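# test case, fold it:
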Amino acid sequence: MWCVVQDSVQRMRRVLRHGFALHVNVLVVLLLALPSTRPAAGLTECGAAPNCSDALRMPCNPNAAPPMNVANVCGNCVSGNHGGAGPSNTKCLTNQSCVLVYPGQTGCPEEGSSVGVPFPVPFNRCQCDRDGLWWPTAANQCGIAVVTDPTGSGFFSLFQCPDSTCTLEKCVEVAVWSPMLATFPCQTVGADSFALSDSCTGLRGADGSGAPFSAFCGHTGAVAKAEDDGGTVPLLPLDCELAPQCPYSVLSTSRGGGGDRLEQSCCTGNPDSFIESEKGLSTREQAPAFCAGVATGGGTNVLATADSVAGCPVRTSAPGWKGCACVDDRGFVSGNRVCTVECIPPACPLPEDGVIPSTPEQWLTSKVPHSQGPETAAATNAAMWSHGATSWRRLGWLLVISIASVA
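Residues are numbered from 1 along each chain as shown. Next up is the predicted model:
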């Protein structure tokens, strides 16, 4: 009997022990399922981390291994961007950021405005001046923007260098900006001012409406060969070429008026020059003026007729060059609206074959009848010379006749 009771008690104890263990396991599972404000052992606290994407950094990683396991701190800069190494909450810059040098200028213009074309210095790429063309206060010097103290604070620095190697040991740091700043102030050092421009919007515009590529060719009559995407920091010197020949609406003088009036013909065209299209010549519609109606913002050019020519800034001359260089209200020459009338080397970049590139098909206009005026400035001069020579010949014959009559 005792043996039976003892056996029953032992079975009961086993059941109780099993039941208690079951309840404990269930309780542990429930506790683990509850939300916790503290990370589990070995995890990094990230609940109070800032918005890392605003700083162009990788997010705080709760599973980060040392040394990245710093509580509430972002990671490295997003690949390709510029800034100090993580973990850090300091700001990174986009891979198209640059430093803009404003030579001989006190202060920097507001982004998007145009006070000349600054000398752009990209990050981690040596950019050099040529004979004072872009950086006249540091002719033939080079510049490079780098992140200094990259494993620490990650400052943004501009160096001026004596040659195209841009070896920092031979360079001089001329400006530096802290990544802790919300905005980067203009710095004036000596005769120049410097602006740190995120994404280089101070040069190219946030929407690509800033200085066109051709503004960096170094000559009004030259245009960049590379297609302008509106965002790339130009690598100087650019590969440029002479702008094509102007259409007849520019080359021709109007109705025997004579003279070289490019400021007029670039903007108003010629009433005797008509549109040429696939359907042929339209004698009812005057060809659009070459520069009239050049729009601003985005580099779009909308051509207008002579009736809507109000406000038409244009440059018609440069060293060795004459033509039409249409200017928008920001002061930039529109890269795809430049044409050439005359080019005299070496000041003008005439091609090696000595021929001005032909007029693009989309610019073609009809010739002006000879009775309405010569076709080119050269023809104008020839006509004037011919007229003068004829007058002198007539005067000579009259003189001979007069002498013969007296005799």
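# just the CA atoms of the helix or strand hosting residue 201, as PDB, please.
Using DSSP states H and E, residue 201 falls within helix 201-204. Output of helix 201-204 as PDB, limited to C-alpha atoms (Å, rounded to 0.1, in the frame of the first residue of the first chain):
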ATOM      1  CA  THR A 201      24.200  74.400 -57.700                       C
ATOM      2  CA  GLY A 202      25.900  77.800 -57.400                       C
ATOM      3  CA  LEU A 203      27.500  77.100 -60.800                       C
ATOM      4  CA  ARG A 204      25.200  74.900 -62.800                       C
END
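# other SSEs contacting whichever helix or strand comes after it?
Per DSSP H and E, the first helix or strand lying C-terminal to helix 201-204 is strand 222-224. Applying 3 or more CB pairs under 8 Å, 6 or more residues apart in numbering; DSSP states H and E, we find strand 222-224 packed against strand 240-242, strand 333-343. Every residue, glycine included, has its C-beta placed from N, CA and C.
# ok, which of these comes nearest residue 48?
Closest approach to residue 48 among these (CB to CB): strand 333-343, 49.4 Å.
# which elements pack onto that closest one?
Short answer (3+ CB pairs under 8 Å, 6+ apart): strand 333-343 packs on strand 222-224, helix 248-251, strand 321-327.
# flag the shaky bits of the stretch 51-200 of the chain, pLDDT-wise.
Within the stretch 51-200 of the chain, the ranges that satisfy pLDDT under 70 run 111-116.
# what segments of it are strands?
Remark: strands assigned in the stretch 51-200 of the chain by DSSP state E, counting those that start in this stretch are 98-102, 119-122, 127-128, 142-148, 155-161, 172-177, 187-189, 192-197.
# residue 65: which of those is closest?
Smallest distance to residue 65 across those (CB to CB): 24.0 Å, for strand 142-148.
# buried stuff in that closest one?
142, 143, 144, 145, 146, 147 (16 or more other CB atoms under 10 Å).
# list the helices and strands it packs on?
Helices and strands touching strand 142-148, as assessed by 3+ CB pairs under 8 Å, 6+ apart, comprise strand 98-102, strand 119-122, strand 127-128, strand 155-161.
# residue 173 is nearest to which of the ones you listed?
Per CB to CB, nearest to residue 173 of the helices and strands packed on strand 142-148: strand 155-161, 5.4 Å.
# can you show me the CA trace of that closest one as CSV?
Only the C-alpha atoms of strand 155-161 are listed here, as CSV (Å, rounded to 0.1, in the frame of the first residue of the first chain):
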residue,chain,number,x,y,z
PHE,A,155,36.5,69.2,-42.8
PHE,A,156,36.0,70.4,-46.4
SER,A,157,39.1,72.2,-47.7
LEU,A,158,40.3,74.0,-50.8
PHE,A,159,43.9,73.9,-51.8
GLN,A,160,45.8,76.0,-54.2
CYS,A,161,48.6,74.1,-56.0
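# can you give the strand pairings for it, parallel or anti for each?
Strands adjacent to strand 155-161 in the sheet, as given by DSSP bridges, are strand 142-148 (antiparallel), strand 172-177 (antiparallel).
# report the inter-axis angle for that strand versus strand 98-102.
50 degrees (axes from the mean of the first three to the mean of the last three CA atoms, to 10 degrees).
# ok, residues contacting strand 155-161?
82, 84, 93, 99, 101, 121, 126, 138, 141-149, 166-168, 170-179, 184, 194, 196 (CB atoms under 8 Å, 6 or more residues apart in numbering).
# show me how to select, in PyMOL, the buried members of those.
Filtering those down to the buried ones (16+ other CB under 10 Å) takes a single PyMOL command:
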select buried, resi 82+84+93+99+101+121+126+138+141+142+143+144+145+146+147+166+171+174+175+177+179+184+194+196
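# neighbours around residue 341, how many?
Residue 341: 24 surrounding residues under other CB atoms under 10 Å.
# do the same with residue 320
Around residue 320 there are 16 other residues, counting by other CB under 10 Å.
# still on that earlier bit, out of the strands of the stretch 51-200 of the chain, nearest to residue 345?
With CB to CB as the yardstick, what comes closest out of the strands of the stretch 51-200 of the chain is strand 127-128 (24.2 Å).
# strands paired with that closest one, and their directions?
Strand 127-128 has these strand partners (DSSP bridges): strand 142-148 (antiparallel).
# what angle do strand 192-197 and the strand it pairs with make with each other?
For strand 142-148 against strand 192-197, the angle by the same axes, to 10 degrees is 50 degrees.
# what are the contacting residues of strand 142-148?
Under CB under 8 Å, 6+ apart, the answer for strand 142-148 is 82-84, 97-99, 101, 119, 121-129, 135, 154-164, 166, 168, 171, 173, 176, 196.
# related to what we said a few turns ago, so which of the strands paired with strand 155-161 is nearest residue 314?
Closest of these to residue 314 is strand 142-148, at 32.5 Å (criterion: CB to CB).
# sounds good, over and out.
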